[in-house]
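Asks: I'd like to go over a predicted model; first the sequence, then the structure.
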Amino acid sequence: MHDRSDHADTPAQHHPAVARLLAELDAARVGIVVLDELDAPRRERVVAELRTAVPDLASRAAHEAGAEHVVASIRAVADRAPDGVGPVSGAGTGLWEDIVHTAVEAARAVGRPEPVTLVR
């Protein structure tokens, strides 16, 4: 089991939704590191899942724990490799950066009011 003491900067990081997001971020990084071992169709499915699951969890966590705390949590782990996993390199670096970026954007979007368009 991962020790989450390195994520304990703010009270919101103890929220279950944030804990799920952090676990998914760790799993995503592990998944990216082993992508080259998968055959092409399976690799495409894994990439599609990573690109949707992490931002979805970031949005949900922001709704439950607050956008600012979620963005800070994502940024705190973005450069940290999970225990026993080397850094993401090569093509995986771009994918990891995309996942982190879309997760941050999804969390930030929760904190912004949507513009209202009046239709006559």
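Replies: Yes, it's here.
Asks: V18 against S73, yeah?
Replies: Yes - using CB atoms under 8 Å, V18 and S73 qualify as a contacting pair, with a distance of 5.5 Å. No exception for glycine: its C-beta is placed from N, CA and C like everyone else's.
Asks: so, low pLDDT: which residues of this structure?
Replies: Applying pLDDT under 70 to the chain flags the ranges 1-14, 81-91, 112-117, 120.
Asks: one more pass at 80, please.
Replies: 1-14, 79-93, 111-120 (pLDDT under 80).
Asks: following element in sequence after the longest helix along it, please.
Replies: Ranked by number of residues, the top helix in the chain under DSSP state H is helix 40-65. Note on helix 40-65: by DSSP states H and E, the next helix or strand toward the C-terminus is helix 67-78.
Asks: from the chain's centre, how far out does that following helix sit?
Replies: On the basis of CA atoms, centre = their mean, to the nearest Å, helix 67-78 sits 9 Å off its chain's mean C-alpha point.
Asks: how many neighbours does the closest residue in space to I32 that isn't next to it in sequence have?
Replies: Spatial nearest neighbour of I32, chain neighbours left out: G92 (4.3 Å); criterion: CB to CB, 6 or more residues apart in numbering. Residue neighbour count, defined by other CB atoms under 10 Å, stands at 17 for G92.
Asks: I'm done for today, thanks for sticking with me.
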